Each structure stands twice: as C-alpha cells, then as structure tokens.
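Asks: just coords:
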C-alpha cells in the first residue's frame, strides 16, 4: 500500500523534508509502523498525528492512499 | 432665578415645545414646583428628570442657571 | 476614549480604522472586539418606513463616556470607541459601532459587551417609528428588556 | 459560513463588508460581533523581526469549519466568517478576523469568543519567529495557555 506522509513546522525542519511517499508490502500497517520506516528515533511524546486530516494516535491502522501527517503541538494562530 | 427647561421625545411632542426659560422670584424651588408652572397635569409616573444632565427626582432643589430636562423612559439606541 | 454622536450615515469600519490610527500605539494591542449594530426590518409594524432616533445632546455623550470609563476601570483594556447615529434612518443602516482594544481578548469581549448593553438598554435615546404615511409613533419600551432602563435609572437616582 | 486562509496581507474590514454583502440577507441581522487579531511587538526577544505562521492546508480549514459549525449549532447565530493569514508577517499586521452575525447580540458575542479561542489555542497553526539575523525559532507553546492545545487534542483523540 502507498501512504503519503507530511511533516509540519519544526518536525519538517528537523527531518529536512515536507512530504514523501512510503510503500508497504504488509497488509497490516499502523502509524507506529510507518514512523519506524521514517525515523530511527522513537516518536517523541509531544508529536501529534493526523490521518486524512483527523487527529488520531499511533495505533491507528492505515489503508492504501491514506495521508498521514506528523507535527509538533499546535501553537494557535 | 432663571431655569432652562428641555423636553424630549414624546413629551416634547405632547407639550408642543422643545425648550423654554422659566423665571422664579422664590428662593426655594424644586423640580416639582417647576413642573407645576409648566403643566396643569401632575407629572406622569414614568417621566424622568435630569438636572444639569444628571438623573435626579422631583424633590431636587434648583438654583439659578440650572438646566432641567423632562423625558419619557429611554428606549436605548 | 472617543464617544461621538452623528446625524450622518455611519461607516463603522472607517471609524474604527481612523481612530485606531489616531489613538492606538502601533503593535501594542493584540486585538480589537467590535460590535456593529444595524437597523433591522420591522417585524410588527409592516407600514413602518424608517426610524428617528432622538437624543439629549450633551447628556447622552456624557453618560456614554461614563460607561466607557467604567469599562476602562473594570477591565484591562487599552481604549474604547463609540460612534452612535441619531436622526432618521432606514433598515440596513448601521446605527452604532463599539470598539474595544486590548492586549487580552477576554477583557475586550467583556468590556465591549458591557458598553453595548448599556447603549441598547439604558442610554438616553428615544426611538420613534415613522409610518409609510409619515406618522410618528414613539416606541414605549426597550425591545430587549422593557424593565432594564427603568431599573438602572432608579438605581442611579 | 466562510473559512479562508490567505498568504496575502489581510484587510479585515474589507473581508467583513464583502462577505456581509454576499451572504447575509439585508435587514435581518441586528448586529455583528467582530474580533480582529493583530501581531503584537515582541516583548521577550528583541531581536525578532517577523513571524512565519505555518499551517496544514486542508486540515486547518476543515477543523476551523467544524468549530464554526459547532458555534452555529450551539448559539442562535446567522452566519460566521473567519479569514486567517499565514506565512511571514510583521508587528501591526492583522492576523485574523472572526465575524459573527446574529439577531441577538449575546449569542454573537459568545459564538465569536468561542471561535477565536479555538483559533488562538487549538487550531493547527505553528508560529515561527524570525530573528534580525534571519534565524528561525519555532514557538513551543501557545502564549496564552500552553496546556490548552494539548488538552483539547487529547480529548479529540
């Protein structure tokens, strides 16, 4: 399955990229699995995750075509 | 003493005048005395009075040069 | 603080922009809360064409200024603006603008609401409806709460 | 209901006037409560030149729209407008305008405050300060209440 991944704010700066495509052969993939493919470091406690623009958590199971976003706590406008 | 009297809204329409000067020879004059000079009818319960632009009541004692206003309940802007 | 009564058509945002430019130090306030009151269609009297708002020149301004000062004393706000239209007006005309600048938005909301409540309920204005035949009809009671104006006056007296 | 994010300079009153003309039936609303948020001077970091506001295109609008809908469900209001600036901005720039039209002013005050509280505390925006040397510094916490955003997210999750 193909997953589009997006990063915002300081996390984007730290990873050095704004978005990427990640492919999986496995059938069962969670946000936590996705993060393992992205980074060698464990996901920081304060990092938020959204799947298809809705907040969720790392146990969320992904499906083909999902857009997953990781970002630091929002600071408001 | 000379008193300037002003009327607003429906009271002005009813009395047919917006303002007038009233003279008194007496030394002690209250708002109630002033009203007696203005009208044959007793002052209506809901009529409000201001002396020099501050709310007061009919027992208020007037002095030379005071501006007295009579008006119906305010309706707000 | 500015309180103005005008017989001219009121452009509320022009007033806000002009006063902010004139009176507010740039970059210090975090926000402004604004209320713009507009003349509504008449629901009850369908033969009403326009409204004439009467006021007591001098007293009306003085009492609005006092309420703005009360707001300045009560809340942490930087400045207030009130421009109120009087005379004859028709539905959709802006009647009043209240603006409250502050570093803290909670305080500007509370202060703006306090000032507009006073203006709408207890300020020395008198509404007169004008029918399509040109007849005048003085509104007897405040539309929102007939008792408020009287209670406030009794307290003040 | 309109929610827009813009990278251009924001003229808050032009937005309010244009939307009111376009979307509101004339003579039906009694008033509009407006909040305009402006970029303040920086108190802490004197070497800060500007702010860059990041957002998540699509998600930010969707979540603001949801909060405006919550306000429409909760209070007796007629319509809401939110225009929020993103990208680089300097002190005195307007950042956001929220407008709430209603026949009843109490409801517009409550709804406007609800929406701006969400925008300032929990909406998906990220502030980045830019120093006079051109360095970026991501703001870690919401200035008004660092705990609010996180609490709300936990509740939502």
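Replies: That came through, no problem. Remember, predicted model here, so these are calculated numbers, not experimental data.

Asks: okay, strands next: where are they in chain A?
Replies: For chain A, the strands defined by DSSP state E occupy A:2-7, A:19-23, A:48-51, A:54-56, A:67-71.

Asks: ok, and the closest non-adjacent residue to the one residue in chain A that gets nearest to chain B?
Replies: Using CB to the nearest CB, the single residue of chain A nearest to chain B is residue A:77, 33.6 Å away. In short, each C-beta sits where N, CA and C put it, glycine included. Distances taken as CB to CB, 6 or more residues apart in numbering or on different chains place residue D:125 nearest to residue A:77, at 4.3 Å, with adjacent residues excluded.

Asks: if we can go back for a sec, now render the strands of chain A as CSV, adding mean neighbour count.
Replies: Shown next, in CSV, are the strands of chain A (neighbours: other CB atoms under 10 Å in any protein chain shown):
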stretch, mean neighbour count
strand A:2-7, 18
strand A:19-23, 12
strand A:48-51, 21
strand A:54-56, 17
strand A:67-71, 21
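
Asks: would a markdown table of those strands with mean pLDDT and distance to residue D:141 be doable?
Replies: Output for these, formatted as a markdown table (pLDDT from 0 to 100; distance: least, CB to CB, whole Å):
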| stretch | mean pLDDT | distance to residue D:141 |
| --- | --- | --- |
| strand A:2-7 | 98 | 20 |
| strand A:19-23 | 98 | 26 |
| strand A:48-51 | 98 | 14 |
| strand A:54-56 | 98 | 18 |
| strand A:67-71 | 98 | 14 |
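
Asks: of the ones you listed, which is nearest chain D?
Replies: strand A:54-56 (5.0 Å).

Asks: what pairs with that closest one, parallel or antiparallel?
Replies: Sheet pairing of strand A:54-56 (DSSP bridges) gives strand A:48-51 (antiparallel).

Asks: need the contact list for the residue of chain A closest to chain B.
Replies: Each residue near residue A:77 by CB atoms under 8 Å, 6 or more residues apart in numbering or on different chains is listed here: D:37, D:53, D:84, D:95-96, D:119-120, D:123, D:125.

Asks: how about a cut-off of 6 Å?
Replies: Residues in contact with residue A:77 (CB atoms under 6 Å, 6 or more residues apart in numbering or on different chains) are D:84, D:96, D:119, D:123, D:125.

Asks: between those residues, which is nearest chain C?
Replies: residue D:96 (8.4 Å).

Asks: grab the nearest non-local neighbour of the residue of chain C positioned farthest from its centre.
Replies: For chain C, the largest distance from the centre (CA atoms, centre = their mean) belongs to residue C:133, which lies 28.6 Å off. By the measure of CB to CB, 6+ apart, the closest residue to residue C:133 outside its immediate chain neighbours is residue C:47, 7.3 Å from it.

Asks: how close does that neighbour get to chain A?
Replies: When distance is defined by CB to the nearest CB, to the nearest Å, residue C:47 is 48 Å away from chain A.

Asks: do the same with residue C:96
Replies: Separation of residue C:96 from chain A (CB to the nearest CB) stands at 29 Å.

Asks: and if you look at residue C:58?
Replies: When residue C:58 is compared with chain A (using CB to the nearest CB), they lie 44 Å apart.

Asks: for the residue of chain C found nearest chain D, what are its contacts?
Replies: Nearest residue of chain C to chain D (CB to the nearest CB) works out as residue C:13 at 3.5 Å. Contact partners of residue C:13, counting by CB under 6 Å, 6+ apart, are residue D:13.

Asks: name the element it belongs to?
Replies: According to DSSP states H and E, residue C:13 maps onto helix C:12-23.

Asks: for the record, mean pLDDT for that helix?
Replies: Taken as a whole, helix C:12-23 has an average pLDDT of 98.

Asks: tell me the angle that helix makes with helix D:12-23.
Replies: Relative orientation of helix C:12-23 and helix D:12-23, computed by axes from the mean of the first three to the mean of the last three CA atoms, to 10 degrees: 180 degrees.

Asks: what's the following helix or strand after helix C:12-23?
Replies: strand C:31-38.

Asks: what residues does the helix or strand following that next one touch?
Replies: The helix or strand immediately downstream of strand C:31-38 is strand C:48-55, counting by DSSP H and E. Contact partners of strand C:48-55, identified using CB under 6 Å, 6+ apart, comprise B:8-9, C:42, C:86, C:88-90, C:125-132.

Asks: could you rerun that using 7 Å?
Replies: With contacts defined as CB atoms under 7 Å, 6 or more residues apart in numbering or on different chains, strand C:48-55 is touched by B:8-9, B:77, C:5, C:39, C:42, C:86-90, C:124-132.

Asks: interface residues of chain C facing chain D?
Replies: Listed as neighbours of chain D in chain C under the rule CB under 7 Å from any CB of the partner chain: C:13, C:17, C:26-38, C:40-41, C:91-92, C:105, C:109, C:113, C:116.

Asks: nearest residue to residue A:61 other than its sequence neighbours?
Replies: Residue A:61's closest residue in space is residue A:30 (CB to CB, 6+ apart), at 5.4 Å.

Asks: which pLDDT value belongs to the one you found?
Replies: Taking residue A:30 on its own, its pLDDT is 98.

Asks: which parts of chain C are helices?
Replies: Secondary structure of chain C, counting by DSSP state H: helices at C:12-23, C:59-74, C:105-121, C:146-156.

Asks: which one of those helices has the lowest average pLDDT?
Replies: Of all the helices of chain C, helix C:146-156 has the smallest average pLDDT, which comes to a mean of 42.

Asks: from residue A:63, how far off is the closest residue to residue A:24 other than its chain neighbours?
Replies: Of all residues not flanking residue A:24 in the chain, residue A:1 sits nearest, at 5.1 Å (CB to CB, 6+ apart). As defined by CB to CB, to the nearest Å, residue A:1 lies at a distance of 7 Å from residue A:63.
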